[in-house]
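Novice: sequence and predicted structure below; questions after.
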Amino acid sequence: MSRLFLRTLRDDPADAEVPSHRLLVRAGYVRRAAPGIYSWLPLGWRVLRNVEKIVREEMDAIGAQEVHFPAILPREPYEATGRWTEYGDNLFRLKDRKGGDYLLGPTHEEMFTLLVKDLYASYKDLPLNLYQIQTKYRDEQRPRAGILRGREFVMKDSYSFDVDDAGLEAAYELHRQAYIKIFTRLGLDYVIVKATSGAMGGSASEEFLAIAENGEDTFVRSPGGYAANVEAVSTVVPEAIPYEDAPAAHAEQTPDTPTIATLVDHLNEAFPRDDRAWTAADTLKNVLVMLRNPDGTREPLAIGLPGDRDVDEKRLAAQVEPAEVEPFEAKDFAAYPDLKKGYIGPRVLGLENATGIRYLTDPRVVAGSRWVTGADVDGSHVIDLTAERDFVCDGRIEAAEVRAGDPAPDGSGPLELARGIEMGHIFQLGRKYAEALDLKVLDENGKLVTVTMGSYGVGVSRAVAAVVENAHDELGIIWPKELSPFDVHLVIAGKDDAIKAAAEQLAQELDDAGISVLLDDRPKVSPGVKFKDAELIGVPTIVVAGRGIADGVVEVKNRATGDKQDVPLADLVEHLA
Ligand code: ATP
Ligand code: MG
């Protein structure tokens with residue numbers, strides 16, 4: 001350590017919101033170069049390579065072959081699949097000196113597809129699994145939490161190529177098993193959840209989420225084993241209700257009730273029900289947003305949902321991808337004078353369709369369901385407005401928040417919610433990219449068939465942070481053995497030459513036995529500071545060479561449990577091995 005390029009910091013970096021960011025910067029693993037862009041220091045680089053090693057071993061074990069693509073890519077293939085535009089602001093685009101368009105690869109489906117097309121022509125060449133561990137670039141809207149969400153990050157991406165669906169399913173299952181091994185070896189507490197396929201198209205898709213309070217993803221679980229990212233949860237649709245005998249809708253004065261809470265209070269005061277009190281779930285609220293398409297055009301969208309639920313931004317975003325959701329502003333209201341803010345009803349949106357705005361409703365708004373909702377007049381609501389009889393919509397949307405206690409879509413019980421960090425994603429892409437880029441092979445009968453593909457990602461640099469989120473205490477990081485930058489942190493605690501000599505000899509012996517050692521031989525640093533640094537850095541085994549040397553022992557400390565034990569010098573190598 002007297003020579004190591006490392007400065008540990010006593011204070012937390014000002015911009016660090018989560019423990020992994022704080023600790024990885026303070027313990028000298030990474031340094032910020034620009035927002036969402038980080039440099040790896042010697043300790044961090046060793047950990048990153050340890051993650052890569054695990055990923056590589058498990059990918060090699062399923063017969064995937066490692067390749068390496070450039071990060072700077074030509075525009076044309078991404079133009080062919082539409083992603084040059086669809087990626088929107090997330091794509092780093094650049095020009096060369098001749099004015100040619102390039103991008104920094106956010107993911108490499110196009111390049112892998114073209115490479116295979118370049119070299120392969122027959123079903124006999126398949127199945128094929130290729131992977132790379134490579135730096136990706138995405139101009140994320142909110143780079144966050146250090147390397148957890150970077151604008152430059154390391155991903156393992158792999159792609160499978162098969163002639164038929166059965167082949168794709170087998171490749172998907174192989175990856176699934178490899179990922180289980182990878183995330184288990186990383187020591188992560190994780191769940192496998194159903195995911196949306198989003199802009200990538202394709203069918204089956206699952207995510208591996210590290211369970212973590214600070215995760216950006218919310219997932220649900222049921223007692224019967226259902227697990228899904230909240231974006232992928234589908235609402236249990238109630239049965240349609242006969243409405244032949246339903247009372248006619250009637251508009252009522254409801255002054256000063258622009259919010260659901262004020263409306264419900266007013267209803268209970270002015271129009272009490274016989275059977276029970278009105279609740280927010282009896283109301284239908286209509287939320288307007290503006291969608292910005294990747295080509296820059298904008299279109300409004302109205303969403304009708306029960307008043308006791310908010311629109312979940314991420315669920316909505318997943319539904320309208322690749323368009324982005326923006327607020328519906330005062331100037332937008334000005335463009336639609338029929339919309340009475342606070343009193344917008346489904347009639348103006350859905351029936352008379354006076355506005356021409358697309359109107360999508362929550363799946364709970366079934367035929368015959370009766371609602372209190374805006375009357376499209378300031379200070380007025382309608383009661384008993386009945387779906388299908390009194391208003392229609394242009395379709396359904398899964399944008400309402402999912403709440404604890406909601407039923408699982410497969411009937412496996414009430415859902416509970418928790419948070420996680422997306423560590424891996426496996427996708428059955430299908431033929432979308434192969435079709436767009438014309439990747440075909442001859443089948444057994446000499447007929448040209450389109451290849452079917454899978455795409456599989458692991459967040460390699462993100463894993464370094466996710467592991468720290470899972471494994472730290474108030475003193476610092478606690479690395480799992482396979483990730484630790486060194487096997488043993490050996491502290492020289494004492495000024496005696498004898499202690500120093502003994503420690504150096506021990507370090508040599510450990511090294512010879514294949515046990516890597518971080519030797520704290522800093523001459524003018526107190527033992528107290530050295531211990532603090534050892535705890536911060538987080539090597540799982542700390543050996544202290546101090547006064548005990550005179551009696552022929554060192555202290556071996558377990559960083560995770562704090563357990564200490566004196567071990568005779570002569571036994572140390574064997575003890576640690
Ligand atoms: P997210 O939803 O977190 O933005 P994504 O679904 O866009 O991720 P994929 O395209 O599925 O990500 O990428 C595969 C893996 O790469 C992810 O599972 C994640 O572990 C990692 N990853 C994605 N974006 C980032 C990022 N900005 N920084 C670090 N790792 C990332
Ligand atoms: Mg993903």
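Specialist: Here it is on my side, so go on. The model shown is predicted, which means the values in this text are computed figures rather than measured ones. Ligands and ions are numbered 1, 2, ... in the order given.
Novice: which residue packs closest to the residue of the stretch 251-400 of the chain found nearest ligand 1, ignoring adjacent ones?
Specialist: Residue of the stretch 251-400 of the chain nearest ligand 1, by CB to the nearest ligand atom: Lys314 (9.0 Å). (C-beta placed from N, C-alpha, C; glycine too.) Spatial nearest neighbour of Lys314, chain neighbours left out: Glu231 (5.6 Å); criterion: CB to CB, 6 or more residues apart in numbering.
Novice: can you list the buried residues in the host helix or strand of Gln505?
Specialist: With elements taken from DSSP states H and E, the one containing Gln505 is helix 497-512. Neighbour counts over helix 497-512 (16 or more other CB atoms under 10 Å) mark Ile499, Lys500, Ala502, Ala503, Leu506, Ala507, Leu510 as buried.
Novice: show me what stretch 336-345 is in contact with.
Specialist: Residues from elsewhere that reach stretch 336-345 (CB atoms under 8 Å, 6 or more residues apart in numbering): 257-259, 286, 288, 300, 302, 333, 348, 354-355, 357, 373-382, 385, 391.
Novice: for ChimeraX, what selects the buried ones among those?
Specialist: This is the ChimeraX syntax for the buried subset of those, where burial follows 16+ other CB under 10 Å:
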select :257,286,288,300,302,348,355,357,373,374,375,376,380,381,382,385,391
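Novice: quick check: residues of the protein near ligand 1?
Specialist: Neighbours of ligand 1 within the chain, by CB under 6 Å from any ligand atom: 107, 138, 140, 149-150, 153, 155, 422-425, 457, 459, 461-462.
Novice: most neighbours, which of these?
Specialist: Counting neighbours by other CB atoms under 10 Å, Gly424 leads those with 29 neighbours.
Novice: list the contacts of it.
Specialist: Gly424 makes contact with Tyr179, Ile182, Phe183, Glu207, Phe208, Tyr456, Gly457, Val458, Gly459, according to CB under 8 Å, 6+ apart.
Novice: which residues touch the fourth one?
Specialist: Residues touching Glu207, when contacts are defined by CB under 8 Å, 6+ apart, comprise Ile192, Val193, Ala195, Asp217, Asn229, Glu422, Gly424, His425, Ile426.
Novice: on the three-state scheme, it is what?
Specialist: State at Glu207, reduced to three classes by DSSP: H, G, I helix; E, B strand; the rest coil: strand.
Novice: next up, the contacts around the nearest residue to it once chain neighbours are set aside.
Specialist: Sequence neighbours aside, Ala195 is the residue nearest to Glu207 in space, at 4.3 Å (criterion: CB to CB, 6+ apart). Taking CB under 8 Å, 6+ apart, we find Ala195 in contact with Ser205, Glu206, Glu207, Ala228, Asn229, Glu231, Ala232, His425.
Novice: and Lys530, by the same measure?
Specialist: Val491, Ile492, Ala493, Asp520, Arg522.
Novice: figure out the helix or strand that it lives in.
Specialist: Taking DSSP H and E as the criterion, Lys530 maps to helix 527-537.
Novice: now what about the helix or strand following that helix, what contacts it?
Specialist: Next along the chain after helix 527-537, taking DSSP H and E as the criterion, comes strand 541-545. The contact list for strand 541-545 (CB under 8 Å, 6+ apart) reads 487-494, 499, 502-503, 506, 531, 534-535, 554-559, 572, 576.
Novice: returning to that earlier point: and the two most separated of the contacts of Gly424?
Specialist: The span of these, defined through CB to CB, is set by Ile182 and Glu207 at 13.8 Å.
Novice: tell me the mean pLDDT over the helix or strand hosting Tyr456?
Specialist: Secondary structure from DSSP H and E places Tyr456 in strand 452-459. For strand 452-459, mean pLDDT rounds to 97.
Novice: I figured Ser455 hits Phe427, correct?
Specialist: Yes: between Ser455 and Phe427 there is a contact at 4.7 Å, judged by CB atoms under 8 Å.
Novice: can you name the residue of the stretch 451-577 of the chain nearest to ligand 1?
Specialist: Ligand 1 sits closest to Gly459 of the stretch 451-577 of the chain, with a gap of 2.2 Å, by CB to the nearest ligand atom.
Novice: again with the stretch 51-200 of the chain
Specialist: Taking CB to the nearest ligand atom, the stretch 51-200 of the chain has Phe153 as its residue nearest ligand 1, at 3.5 Å.
Novice: nearest residue to that residue in space, please, no chain neighbours.
Specialist: Ser461 (4.7 Å).
Novice: assign that neighbour to helix, strand or coil.
Specialist: helix.
Novice: if I pick the most centrally placed residue in the chain, what's in contact with it?
Specialist: Nearest to the mean C-alpha position of the chain, by CA atoms, centre = their mean, lies Glu422 at 3.3 Å. Contact analysis of Glu422 by CB under 8 Å, 6+ apart lists Glu207, Phe208, Leu209, Gly215, Glu216, Asp217, Gly459.
Novice: parallel or antiparallel, list what pairs with the one helix or strand it maps to.
Specialist: Using DSSP H and E, Glu422 falls within strand 416-430. With DSSP bridges as the test, strand 416-430 is paired with strand 205-211 (antiparallel), strand 217-221 (antiparallel), strand 452-459 (antiparallel).
Novice: who does the residue nearest to the centre of the chain bridge with?
Specialist: Beta-bridge partners recorded for Glu422 (DSSP bridges): Leu209.
Novice: give me the residue from the stretch 301-450 of the chain nearest ligand 1.
Specialist: Counting by CB to the nearest ligand atom, the stretch 301-450 of the chain gets nearest ligand 1 through His425, at 3.5 Å.
Novice: touching, that residue and Tyr456? I think so.
Specialist: Yes: with contact defined as CB under 8 Å, His425 counts as touching Tyr456 (7.2 Å).
Novice: restricting to C-alpha, output stretch 494-507 in CSV.
Specialist: Coordinates of each C-alpha in stretch 494-507 appear next as CSV, following Å, rounded to 0.1, in the frame of the first residue of the first chain:
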residue,chain,number,x,y,z
GLY,A,494,3.7,-1.7,14.9
LYS,A,495,7.0,0.0,14.3
ASP,A,496,9.3,-2.9,15.1
ASP,A,497,11.5,-4.0,12.3
ALA,A,498,10.8,-7.6,13.4
ILE,A,499,7.1,-7.1,12.8
LYS,A,500,7.7,-5.6,9.4
ALA,A,501,10.1,-8.4,8.5
ALA,A,502,7.7,-11.1,9.6
ALA,A,503,4.8,-9.5,7.8
GLU,A,504,6.8,-9.2,4.6
GLN,A,505,7.8,-12.8,4.8
LEU,A,506,4.2,-13.8,5.4
ALA,A,507,3.1,-11.8,2.4
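Novice: now stretch 527-542: buried residues?
Specialist: Result for stretch 527-542 [16+ other CB under 10 Å]: buried residues Lys530, Phe531, Asp533, Ala534, Glu535, Leu536, Ile537, Gly538, Val539, Pro540, Thr541, Ile542.
Novice: for Ala80, state which of these is nearest.
Specialist: When those are compared for distance to Ala80 (CB to CB), Gly538 wins out at 46.5 Å.
Novice: what sits against the closest one?
Specialist: Neighbouring residues of Gly538 by CB under 8 Å, 6+ apart: Leu23, Ala27, Ala471, His472, Gly476, Ile477, Ile478, Trp479, Ser484, Arg559.
Novice: and Val320, by the same measure?
Specialist: Leu291, Leu301.
Novice: please repeat the previous calculation with a cut-off of 10 Å.
Specialist: Taking CB atoms under 10 Å, 6 or more residues apart in numbering, we find Val320 in contact with Val289, Leu291, Arg292, Asn293, Glu299, Leu301, Leu360, Ile397, Ala399.
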